[in-house]
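J.: model the following, please.
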Amino acid sequence: MGSIDQYLDLYKENRDAINAHSADVLNSFREVAFNAIGDNQLPKRGAESYEKTSIDEMFAHDYGVNINRMDIPVNVAASFKCDVPNMSTWMSFIVNDMFHASPTSRHKMPEGVIVDSLARVASVSPDLVAKYYGTVAPLEDTGVALNTLLAQDGVMIYIPRGIKLEKPLQLVNIFSSPIDLMAVRRLLIVLEDDAEAQLLVCDHTQDNEHKYLSSQVVEIIMGERSRFDIYDMEESSASTSRYSRLFARQSAGSNLLINGTTLMCGTTRNGYDIDIVGDGCETLLAGMAIGTDRQHVDNCSNINHRASHCHSSQLFKYVLDDESTGAFEGSILVAPNATYTEAYQSNRNLLASTSAKMHTKPQLVIYNDEVKCSHGATTGQLDTAALFYMRSRGISEKEARLMMMQAFMVDVIDTVRMEGLRDRLRHLVEKRFYGQQMLCGECSVSCHEQKS
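T.: Numbering: from 1, shown residues only. As a prediction, this is how the structure comes out:
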């Protein structure tokens, strides 16, 4: 089993301590998860040429795990202000894998809305958590099973029937530790019928002296006619690895937008699995990644159409420079009963150096004829004719290249429906291309470009 062995041994040796610092509902899944792992390897994504950045290797390092829930000495309120200009949010924090609510996170929030520690909600309202936890993230997935085995806490977001949040939620994930550390993060998001919410998730690494690994599983359960946007923005460091799996289930008439942005990372692997089980759903999955140095970014998507009159669209873009690598594998499944489905998928990639590499594999599996579906992928270099034209107008080659790379990302940024975030994201992409220090706003947690 390779790299998983150390975590199975860790669980066996610390089973009582892990359970003692969690909740019964979460604990009830651990033995099932342990058995589900069996002799399986962690799944690998990407072509064989990316074996050196396999999931198995991501978990191979001897990371510490905060089993005894020790508080890292961080003043969250004073040190981590991740305000996006012109955007008011209800903000919460996860320092490594421990939840911290900001002093104003519950201020004026509608009655019945829950944004809290998953373990705390599971202790106070076990039936609510038991109704949804583990219902869309399958333990047959070894990465999910490993996360379920070790997750002692997480975040639960619950929006009751008919509630429409007046402003977005924001969750700031922060890595800070005196040792190399793996954070096991779990998000359970539930919107009942006719509920609406938006969520911005920001990943930061405060301390670049140590190696970090984020093991994250997100479960989203959407009621009928609910509407949910989730924006996942990673600005970590070259020493940070991330393995994230997002699972969503959409009921009839629901509308889901997922936008995943990787601005800075070491090795990142994101998986998106969306089950559309009710008629008349809308699904938009968009993502972009910027890679430099030897960074690796991998996105894998599976959208399963299991109901009629639904529409889905996927758009992923990469700009890769230096010796960075990327991978995209996207799948659309249209079931026999999913008539009048419209499903589109596009992956476009720009290689800014001859050493950068990209692997792409779009797939369509269609079991009925009454559909409109398409997919496509392109990978290419910067347009030399356009570069020549811009240089002939007095623009330097470096400036022209940067302008073209920025323009390439515009349509992914334009999928953002959260007011104030779209302009901020344009600014962050611009600063990333220019190799400048990146700050989300007034946030003192910063990410530094590794090259001059």
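J.: now do the nearest residue to residue 236 once chain neighbours are set aside against residue 296, distance only.
T.: With C-beta to C-beta, 6 or more residues apart in numbering as the criterion, residue 236 has its nearest non-adjacent residue at 4.4 Å, and that residue is residue 205. Where you see a C-beta, it was placed from the backbone N, CA and C, and this is true even at glycine. Per C-beta to C-beta, to the nearest Å, residue 205 is found 16 Å from residue 296.
J.: so these two - more neighbours on which side?
T.: residue 205 (27 against 24; other C-beta atoms under 10 Å).
J.: first-to-last residue distance for stretch 235-246?
T.: 18 Å (C-alpha to C-alpha, to the nearest Å).
J.: helices and strands around whichever strand or helix holds residue 432, which ones?
T.: Residue 432 belongs to helix 421-433 when assigned by DSSP states H and E. Of the remaining helices and strands, those touching helix 421-433 by 3 or more C-beta pairs under 8 Å, 6 or more residues apart in numbering; DSSP states H and E are strand 227-235, strand 255-264, strand 282-291, helix 397-408, helix 410-413.
J.: surely residue 189 and residue 228 touch.
T.: Yes. With contact defined as C-beta atoms under 8 Å, residue 189 counts as touching residue 228 (7.4 Å).
J.: now do the shared contacts for the two.
T.: The contact sets of residue 189 and residue 228 overlap at 199, 220 (C-beta atoms under 8 Å, 6 or more residues apart in numbering).
J.: now stretch 368-381, how far from the chain's geometric center?
T.: On the basis of C-alpha atoms, centre = their mean, to the nearest Å, stretch 368-381 sits 24 Å off its chain's mean C-alpha point.
J.: which positions in that stretch come out as buried?
T.: Using 16 or more other C-beta atoms under 10 Å as the test for burial, stretch 368-381 gives 371, 373, 375, 377, 379.
J.: cool, stretch 144-163 as well?
T.: Residues of stretch 144-163 classed as buried: 144-160, 163 (neighbour count, 16+ other C-beta under 10 Å).
J.: in strands, which of the residues you listed appear?
T.: Residues of the buried residues of stretch 144-163 located in strands (DSSP state E): 155-159.
J.: secondary structure class for residue 3?
T.: The three-state assignment at residue 3 reads helix, by DSSP: H, G, I helix; E, B strand; the rest coil.
J.: which parts of the stretch 1-150 of the chain are strands?
T.: Assigned strands in the stretch 1-150 of the chain, in chain order: 90-95, 98-101, 114-117 (criterion: DSSP state E, counting those that start in this stretch).
J.: export those to a markdown table and tack on distance to residue 314?
T.: Shown next, in a markdown table, are the strands of the stretch 1-150 of the chain (distance: least, C-beta to C-beta, whole Å):
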| stretch | distance to residue 314 |
| --- | --- |
| strand 90-95 | 28 |
| strand 98-101 | 31 |
| strand 114-117 | 29 |
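J.: can you check which of those gets nearest to residue 422?
T.: strand 90-95 (19.0 Å; C-beta to C-beta).
J.: packing partners of the closest one?
T.: strand 98-101, strand 169-175.
J.: which residue of this protein sits farthest from its center?
T.: residue 392 (41.2 Å; C-alpha atoms, centre = their mean).
J.: quick one, phi psi at it?
T.: Here is the backbone geometry of residue 392 (degrees, to the nearest 10): phi -70, psi -20.
J.: any idea how many residues pack against the nearest residue to residue 6 once chain neighbours are set aside?
T.: Nearest in space to residue 6, with sequence neighbours left out and distances taken as C-beta to C-beta, 6+ apart, is residue 62 at 6.9 Å. Counted with other C-beta under 10 Å, the neighbours of residue 62 add up to 10.
J.: also residue 101?
T.: Count around residue 101 with other C-beta under 10 Å applied: 17.
J.: list the contacts for the residue nearest to it when sequence neighbours are not counted?
T.: What sits nearest to residue 101 in space, not counting adjacent residues and going by C-beta to C-beta, 6+ apart, is residue 92, at 5.2 Å. Going by C-beta under 8 Å, 6+ apart, residue 92 touches 99-102, 105, 115, 155, 169-172.
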